[in-house]
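**Q** can't give you the sequence, but here's the structure:
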């Protein structure tokens, strides 16, 4: 009687929660692969925000939109803020999509959008293309919510 288990665990093959429990039981080490992949995703999320500022002044100057050199910062502010403005409109939407379909599809879509739209931003030929690509990057980049969960 003392050797019997009171609550026997029963796992179902197609149950996602059961797969997580079985993985937790089998893995006792530190999740290095998962942390490394999440660090790459965080880097992919941070680069579009911070990497443009060293060359944004020269990019705006080459667009020839500012009449004076003092006005370049004015236009650079619009380009820098366009990404966050796009995020304002869709951050709740990406959270709902992540809850409904999972974090992994949202993360993959966000990484692909960063790759495509950052490349297009770098190839911008005028201020309107730069603003549009930064705004679209903010719209389609839903990485911020799902990576906070990890």
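**A** Nice, I can see it. Just so we're clear, the structure is a prediction, and the values are computed from it rather than from any experiment.

**Q** Rank the helices and strands of this structure by mean pLDDT and give me the bottom one.
**A** When each helix and strand of the chain is scored by mean pLDDT, DSSP states H and E, helix 16-26 comes last, with a mean of 77.

**Q** which other residues reach it?
**A** Helix 16-26 has contacts (Cβ atoms under 8 Å, 6 or more residues apart in numbering) with 9, 11, 12. For glycine as for every other residue, the C-beta is placed from the backbone atoms N, C-alpha and C.

**Q** Give me the buried positions along stretch 58-65.
**A** Residues of stretch 58-65 classed as buried by neighbour count (16 or more other Cβ atoms under 10 Å): 59, 60, 63, 65.

**Q** Remind me which helix or strand the second one belongs to.
**A** I take that to be residue 60. If you go by DSSP states H and E, residue 60 is part of helix 53-63.

**Q** Which strands or helices does that helix pack on?
**A** In this structure, helix 53-63 makes packing contacts with helix 72-101, helix 127-140, judged by 3 or more Cβ pairs under 8 Å, 6 or more residues apart in numbering; DSSP states H and E.

**Q** what's the least confident stretch among these?
**A** Mean pLDDT is lowest for helix 72-101 out of those, coming in at a mean of 93.
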